[in-house]
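Asker: Sequence below, structure please.
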Amino acid sequence: MSKYISGIDVGGTFTDFVSFDQETKEVKVWKNLTTPGEPINGVLTGLQEFENLEEIDQIRHGTTIATNAILERKGAEIAYITTKGFRDVPFIQRANRKSHYDLSWIKPKPLVKRRNCFEITERLTHKGETLAEIDENEVKQVAEEIRERGDIEAVAICTLYSYVDPKHEEKLRSLLEKYLPGMPISISYDVLPKWKEYERASTVIADAYIKPIVSSYLRQLQERFEEKGITRNVGIMKSNGGIMTLAATDRAPINTAVSGPTGGVVGAKKIAEQCGIDHLVTLDMGGTSTDVAIIENGKEELTTNFEIEWGVPIQVPMIDIRTIGAGGGSMAWIDKGGMLNVGPESAGADPGPVCYGRGGENPTVTDANLILGRLSPDNFLGGSMAIDYDAAYKALEELGRKLNMSAEETANAIIKIANNNMVGALRMVLVEEGHDPRDFTLMNFGGAGPLHASDLMEIAEIPRAVIPMHPGQFSAVGFMYSDARVDLQRTVQMTSKKFDIARANEVFQQLRDAGIEDLSSQGYTDHYNIVTSIEMRYHGQNYELDVPFHEEEINEENVQEIWKTFHNMHEERFGFKIPGEAMEVVTFKVTIISETDKPAVRKIDKAHGSQAVPKDERPVRFDEEVLMTAIYDRETLLDGHKIDGPAIVEENASSTIVGPKHKLTVDSFGNMHIEKR
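Answerer: Next up, the predicted model:
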């Protein structure tokens, strides 16, 4: 009988696992090294922890395969088909520049080559009326040329005004399926039915760019799972924090652009609810990267303004997560000016940090933490992984020699630089967005995150931090709290002066019906929660505000509330409002969530006394001084236990540093709270 729900998060260095026993309500976590060439091998290795794989009822899987293919530009060779006269839209891009005064700056290249871009004589008006019909012979000629190229693996289609009516894109897809059987095809209406042709083009190009790679991975995943007897529901994490089936992922893989990190944000929402935290900033530091996001009043920030790199957008709904190349595996190096740098290049899983003993030569953040005493060489992954302390020390010694520094001084400098990089990421989501860090609580997770909690509190001026249970596998734990989710949007342009209430209600209903049909086709048939909103702006502005709408239908009375809400939101965001000014209604948005069963939250035993008992002590370097530091085992900590810094709390897949100026308390759910003494 099936009884387990399993979460699997494939990261750049480690693959994390969690199992939830639906009968006993117990949660178990573990991890093993990722196998970069064949990530499925690492997944299957980790699943061997189950005595009987047929007992797995459901798998929720987060993967970086789409992310890596895009960021590393290792996707498929694709063709792009558009309206005649608009082939160069992906190359012209926008008029803005990354560096206004840098004359050597060059726009980033799109994910398609210009020689693989084709034009079709067709045209719709901005109202969806047909100006020029599609000529099947012309499409046939384009298909023949694509076939003759021999290297085209997928096709992206984006025609003018297709967001108003998709009939031409759908006809093009139908004809290409006829003349190019088996060719993966993406159309912009399915991916982003929203105005602004460059953003639509860039997004559908990205979808086609990763479709063959993701499809191949999903096919292998399903085949290998079936070989092992795992035949039940397998869900893939979406960038919006929801889950979808393998078939749904195959249709629109761009929705997995930031698949893995969303689990941590979803899990953090649960912790914020448990602890009554209104303002939370998450920091997920793994082996390769650090991801940061904020949660306010129980809600994560969603965005469609994601860019692969400057000026190359992907505008699918996703949790607003900012990522930098700073992880435990980030390598230290010296630039041409003789300055020490850390990251963004990572040692990854193979060869990994020097201390892994797998052939790594460049010292990393993990090596630095080891040499400073913050990590125990005898307790890495609970003692299951041997660590080569001497090799790490030698590597830091050699690097330090070039800087006229000792190994310990070099390690300390590496930690400082890594901390500074992460503070920059925190300021991106806090200060640059108008938030005061002093209003927030910092949540550190990921294998390396808790090591840096105390340091980041001090530097970023965040007064409190919380370390959840199972921080080393927390993103995989977050998968257990995910729901099936669909975010739909459609541009229908109106103004507040000429607002068509009937048309607005019609669009909302069409989006609701499409979302429910999508979820139903995936097997999620009940417990729907529907959220609607409208993107608006003052007439003549370039950017919109997302105005929530909580009623089932728009009528003459509540439409006035919509306008009033927009004015107030504009004043709160920009410091002013313009009553009486015409407003443009741009995009209608509907989110449909089908709630899933979730693990029961279990409380830990109450402590008889407030002071926890350390298991050991060792010298640890904190900045410029070395202090004898108490070492605690997290499994022995109970509700109400308190620890004064300096201290280290060790667990199977992570260690938490409590700085000399800080104290730690344990709550009834096992979360550890750090604040100033």
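Asker: Can you tell me, leaving aside adjacent residues, what's nearest to residue 367?
Answerer: Leaving out its chain neighbours, the residue that sits closest to residue 367 by C-beta to C-beta, 6 or more residues apart in numbering is residue 392, at 4.0 Å. Glycine gets a C-beta too; all of them are placed from N, C-alpha and C.
Asker: From residue 547, how far out is the one you found?
Answerer: Look at residue 392 and residue 547: by C-beta to C-beta, to the nearest Å, they are 54 Å apart.
Asker: Compare these two (neighbour count), which wins?
Answerer: Neighbours were counted for residue 392 and for residue 547 using other C-beta atoms under 10 Å; residue 392 has more, 28 against 23.
Asker: if I've got this straight, the more buried one is in a strand?
Answerer: No. Using DSSP: H, G, I helix; E, B strand; the rest coil, the assignment for residue 392 is helix, not a strand.
Asker: Next one, pLDDT for it please.
Answerer: For residue 392, the pLDDT comes out at 95.
Asker: from memory it sits against residue 356, does it?
Answerer: No. In this structure, residue 392 is not within contact of residue 356 by C-beta atoms under 8 Å, at 9.2 Å.
Asker: how many other residues sit next to residue 18?
Answerer: 28.
Asker: check contacts around it.
Answerer: When contacts are counted by C-beta atoms under 8 Å, 6 or more residues apart in numbering, residue 18 is found next to 6, 7, 27, 28, 29, 470, 473, 476, 477, 479, 480.
Asker: In this protein, where is pLDDT below threshold?
Answerer: 1-2 (pLDDT under 70).
Asker: domain parsing for it?
Answerer: Following automatic domain parsing, one gets these domains for the chain: 4-69+215-256, 77-210, 262-482+602-677, 484-594.
Asker: Indicate each strand paired with the strand or helix carrying residue 119 and its parallel or antiparallel sense.
Answerer: Following DSSP states H and E, one finds residue 119 within strand 117-120. Strand pairing for strand 117-120, using DSSP bridges, gives strand 78-83 (parallel).
Asker: on that earlier part again, could I get the CA-only coordinates of the strand holding residue 119 as CSV?
Answerer: Extracted in CSV, the C-alpha atoms of strand 117-120 (Å, rounded to 0.1, in the frame of the first residue of the first chain):
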residue,chain,number,x,y,z
CYS,A,117,14.3,33.5,-37.9
PHE,A,118,11.5,33.4,-40.4
GLU,A,119,8.7,35.7,-41.5
ILE,A,120,5.1,34.8,-42.5
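Asker: neighbouring contacts of it?
Answerer: Here strand 117-120 makes contact (C-beta under 8 Å, 6+ apart) with 79-88, 90, 134-135, 138-139, 142, 145-146, 159, 172.
Asker: Which of the residues you listed fall within helices?
Answerer: Among these, DSSP state H puts 90, 138, 139, 142, 145, 146, 172 in helices.
Asker: picking that back up, list buried members of the contacts of strand 117-120 by neighbour count.
Answerer: 79-83, 86, 90, 134, 138-139, 142, 146, 159, 172 (16 or more other C-beta atoms under 10 Å).
Asker: of these, closest to residue 116?
Answerer: Residue 116 has its nearest neighbour among the buried ones among the contacts of strand 117-120 in residue 79, at 4.8 Å by C-beta to C-beta.
Asker: Residue 672 against residue 663, yeah?
Answerer: No. Using C-beta under 8 Å, residue 672 is not in contact with residue 663; the gap is 10.7 Å.
Asker: Just want to know which of the two has more residues nearby.
Answerer: residue 672 (25 against 16).
Asker: hmm, back to that, what about the contacts of residue 18, which are in strands?
Answerer: Within these, residues falling in strands by DSSP state E are 6, 7, 27, 28, 29.
Asker: out of these, which are buried?
Answerer: 6, 7, 27, 29.
Asker: In JSON lines: the residues you listed, plus distance to residue 330.
Answerer: Below are those laid out as JSON lines (distance: C-beta to C-beta, whole Å):
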{"residue": "6", "distance to residue 330": "29"}
{"residue": "7", "distance to residue 330": "25"}
{"residue": "27", "distance to residue 330": "30"}
{"residue": "29", "distance to residue 330": "24"}
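Asker: and which of those residues is nearest residue 447?
Answerer: Checking those against residue 447 with C-beta to C-beta, the nearest one is residue 29 at 11.5 Å.
Asker: Quick check: the gap between the closest residue in space to the closest one that isn't next to it in sequence and residue 381.
Answerer: Closest residue to residue 29 apart from its sequence neighbours, by C-beta to C-beta, 6+ apart: residue 473 at 4.2 Å. From residue 473 over to residue 381 the distance is 11 Å, taken as C-beta to C-beta.
Asker: if I look at the two, which residues touch both of them?
Answerer: Common neighbours of residue 473 and residue 381 (C-beta under 8 Å, 6+ apart) are 31, 653.
Asker: of the two, who's got more company?
Answerer: residue 473 (31 against 18).
Asker: Surely that one touches residue 32?
Answerer: No. Between residue 473 and residue 32 there is no contact under C-beta under 8 Å: 11.1 Å.
Asker: Spell out which residues are contacts of both of these two.
Answerer: Counting by C-beta under 8 Å, 6+ apart, the shared contacts of residue 473 and residue 32 are residue 17.
Asker: what angle sits between the longest helix anywhere in the chain and strand 78-83?
Answerer: Scanning the chain for the longest helix, with DSSP H as the assignment, gives helix 197-227. Calculated by axes from the mean of the first three to the mean of the last three C-alpha atoms, to 10 degrees, helix 197-227 forms an angle of 140 degrees with strand 78-83.
Asker: Next secondary structure after helix 197-227?
Answerer: Using DSSP H and E, the helix or strand that follows helix 197-227 towards the C-terminus is strand 233-237.
Asker: so what does that following strand touch, helix or strand wise?
Answerer: If contacts are counted by 3 or more C-beta pairs under 8 Å, 6 or more residues apart in numbering; DSSP states H and E, strand 233-237 sits against strand 56-62, helix 197-227, strand 243-245, helix 246-251.
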